[in-house]
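Chemist: Just the structure for this:
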Amino acid sequence: MKDSQKFLSFMVGSESFAVPLLKVREVIGMPEVTAIPQAPAHVVGIINLRGQIITIFDLRSRLGSGTKGEQPTVIICEMPFGQMGMIVDMVSSVLSAEAEQISEVPPGSRAANHDFITNIYSQDDELILMLDVEKVIGRDIKVTQAASAA
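Modeler: Sure, this is the predicted structure:
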């Protein structure tokens with residue numbers, strides 16, 4: 001079992017995704033968010049979580065999900081620049097993935113067009129797209145950091 005990796009799986013629209021569990025700090029209900037003027041479209045705003053200011057990013061919007069869950073959840077992730085929250089429709093479970101359950105993204109697939117989809121987890125008939133959190137939000141966060149540095 002030393003090749004086993006843990007991931008947090010979640011839903012965005014009807015799609016299943018996962019991020020490495022080591023990147024996840026905590027999962028919280030949808031808090032009250034303070035909007036940031038002129039922020040990128042996917043940056044919803046900021047929250048104060050136990051004295052720490054955290055940027056909240058709408059992963060549903062970033063991934064082009066047409067549906068939004070009735071009770072969205074926020075996954076707080078550790079990033080190189082600090083903590084960041086991602087709004088998702090629903091957190092599913094913690095996956096313990098063995099090496100043989102993780103495949104590369106097949107060339108020519110829609111997922112292959114996105115560099116933030118790193119692998120695909122498969123168990124029985126279920127396929128879960130594994131995300132690189134830093135790549136999926138990197139472009140928008142760089143804009144936010146540049147704006148805050150000015």
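Chemist: what's the span of stretch 8-23, first residue to last?
Modeler: Distance across stretch 8-23, first residue to last, is 9 Å (C-alpha to C-alpha, to the nearest Å).
Chemist: per-residue confidence averaged over it?
Modeler: The average pLDDT within stretch 8-23 is 92.
Chemist: One more: stretch 87-104?
Modeler: Stretch 87-104 carries an average pLDDT of 90.
Chemist: now stretch 50-66
Modeler: Rounded mean pLDDT across stretch 50-66 is 85.
Chemist: How far away from the center of its chain is that stretch?
Modeler: Relative to its parent chain, stretch 50-66 has a centroid offset of 8 Å by C-alpha atoms, centre = their mean, to the nearest Å.
Chemist: ok, and what's touching that stretch?
Modeler: If you take C-beta atoms under 8 Å, 6 or more residues apart in numbering as the criterion, stretch 50-66 is touched by 12-13, 15, 17, 31, 33, 41-48, 67-68, 72, 74, 76, 82-89, 136-137, 140-141, 144. Any C-beta I mention is one placed from the backbone N, CA and C, and that applies to glycine too.
Chemist: Next, find the distance separating F17 from I87.
Modeler: Here F17 is placed at a distance of 13 Å from I87 (C-beta to C-beta, to the nearest Å).
Chemist: actually V24, not the one I typed
Modeler: Distance, V24 to I87, using C-beta to C-beta: 14 Å.
Chemist: Surely H42 touches I137?
Modeler: Yes. In terms of C-beta atoms under 8 Å, H42 counts as a neighbour of I137; the distance is 7.3 Å.
Chemist: Give me the more crowded residue out of those two.
Modeler: Of the pair H42 and I137, I137 is the one with more neighbours under other C-beta atoms under 10 Å, namely 25 against 20.
Chemist: Please confirm that the more buried one is located within a helix.
Modeler: Yes. Under DSSP: H, G, I helix; E, B strand; the rest coil, I137 sits within a helix.
Chemist: how many neighbours does the closest residue in space to it that isn't next to it in sequence have?
Modeler: Sequence neighbours aside, F57 is the residue nearest to I137 in space, at 5.3 Å (criterion: C-beta to C-beta, 6 or more residues apart in numbering). Neighbour count for F57, taken as other C-beta under 10 Å: 27.
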